[in-house]
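Trainee: test case, fold it:
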Amino acid sequence: MTDPTRRLMPLDRVVPAPAPAHARWVSAAPAASPPRGVALIVHGLNFRPEGMLDVATLVSELSCDCLLVTLRGHGSNHAGATAGDEAARLSALRGIEHEIWVEEMRAAYRCARERALQCGAPLILVGFSLGGLLGIELIEEGVDGARYEGILLFAPPIRMRWYVGIVRCLAPFPRLVLPSFAPKQTAANAGTPVAAYTALFEASANVRAADPRQLDVPGLIFVDSRDELVSERGLGRWARARGLTRWRIVPIDRPLCRDISDYHHLIVDRERIGSDRWRTMREGIECWLQGVVSEFQSAHAQRGDSPD
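Mentor: Sure, this is the predicted structure:
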């Protein structure tokens, strides 16, 4: 199977940095030496990793090197012989445990942080849904003094709709696969096992319990007000209660989705969002990133050292 990230990464722009087997580097485009930032990009639950390509393209075009993570049970990260082995991929997801994803994130974080230190650039978390939770969770765990200079999230399920909790009742049946109504071109598997939802719930609980002082960095969070999974109001109340004054939550008001296979939760797809909304998101991200870079450089200047 052709790696979909090939269209993003000509061979002469491969980032000269290590990467774990379940992750891949995409260099800043146009190539910047050093890059303005380093982004750790993580996809959502039962979401095709290549579905993050629009976001990765946007971030790389803002002169950031990007490390794209593929979580266990998605893409080619499974025990099967080929990336197209659907049965093996679903089997891997049915046997998933929260700690497996955390360990994968630890390995990816270390590589991304090493690259950021090498370049003297800020490290940025870019996470969609589950990916955002797992990235933030590393801060709460204190992995290698884990921190980010900026946090960019799309539909993070920190506070979810009340009815999502019904899935918890199925916890005794972790290998049970619940059908997915997501568009086939976005779903990594035909369904999502209860074990995967259980791991997501654990990650969400850990993030909610995190020390807010560790999360007090420039944050830009996009969420559709009609998101089927995430409660925009709940997310806002949580952020205010935790004193996250540096987090800016931006509602994305898409027209009502009338097709059952089209979700408001899917806001990382340029085509689904629409060109006008995508352009607005890009402008917001570019402005936010400039602030992150400026703050990072000022901090180094105050310490008397150089980010380069």
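Trainee: what's next to stretch 277-293, contact-wise?
Mentor: 36-37, 54, 58-59, 62, 64, 121-122, 124, 149-150, 152, 218, 220, 222, 248, 250, 252, 254, 270, 273 (CB atoms under 8 Å, 6 or more residues apart in numbering). Yep, even glycine has a C-beta here, placed from its N, CA and C like the rest.
Trainee: please identify the buried residues of stretch 267-286?
Mentor: For stretch 267-286, a neighbour-count test (16 or more other CB atoms under 10 Å) marks Ile267, Val268, Asp269, Arg270, Arg272, Ile273, Arg277, Trp278, Met281, Ile285 as buried.
Trainee: immediately after the helix or strand harbouring Leu133, which helix or strand?
Mentor: Using DSSP states H and E, Leu133 sits within helix 130-141. Scanning forward in sequence from helix 130-141 by DSSP H and E, the next helix or strand is strand 150-154.
Trainee: thinking again about what came up before, of the buried residues of stretch 267-286, closest to Leu93?
Mentor: Nearest to Leu93 among those, counting by CB to CB, is Val268 at 19.8 Å.
Trainee: my guess is that closest one meets Asp54, correct?
Mentor: Yes - counting by CB atoms under 8 Å, Val268 does reach Asp54; the two are 6.3 Å apart.
Trainee: count the neighbours of Arg233 for me.
Mentor: 12 (other CB atoms under 10 Å).
Trainee: A helix includes it, no?
Mentor: Yes - using DSSP: H, G, I helix; E, B strand; the rest coil, the secondary structure at Arg233 is a helix.
Trainee: got a pLDDT number for it?
Mentor: pLDDT for Arg233: 95.
Trainee: any idea how far Gly132 is from Ile249?
Mentor: Per CB to CB, to the nearest Å, Ile249 is found 13 Å from Gly132.
Trainee: so for these two, which sits in the more crowded spot?
Mentor: Gly132 (25 against 19).
Trainee: tell me the contacts of that one?
Mentor: Val42, Leu125, Ile151, Leu153, Phe154, Ala155, Pro156.
Trainee: closest one of these to Pro212?
Mentor: Ile151 (12.6 Å).
Trainee: surely that closest one meets Pro218?
Mentor: Yes - using CB under 8 Å, Ile151 is in contact with Pro218, at 7.3 Å.
Trainee: more neighbours, these two?
Mentor: With neighbours defined as other CB under 10 Å, Ile151 and Pro218 compare such that Ile151 has more, 25 against 20.
Trainee: show the buried residues in the contacts of stretch 277-293.
Mentor: Looks like these have 36-37, 54, 58-59, 62, 64, 121-122, 124, 149-150, 152, 218, 220, 222, 252, 254, 270, 273 buried, using 16+ other CB under 10 Å.
Trainee: in strands, which of those residues fall?
Mentor: Judged by DSSP state E, strands contain the following of those: Gly37, Cys64, Ile124, Gly150, Leu152, Leu220, Phe222, Ile252.
Trainee: confidence score at the last one?
Mentor: Which is Ile252. 89.
Trainee: lovely, talk soon.
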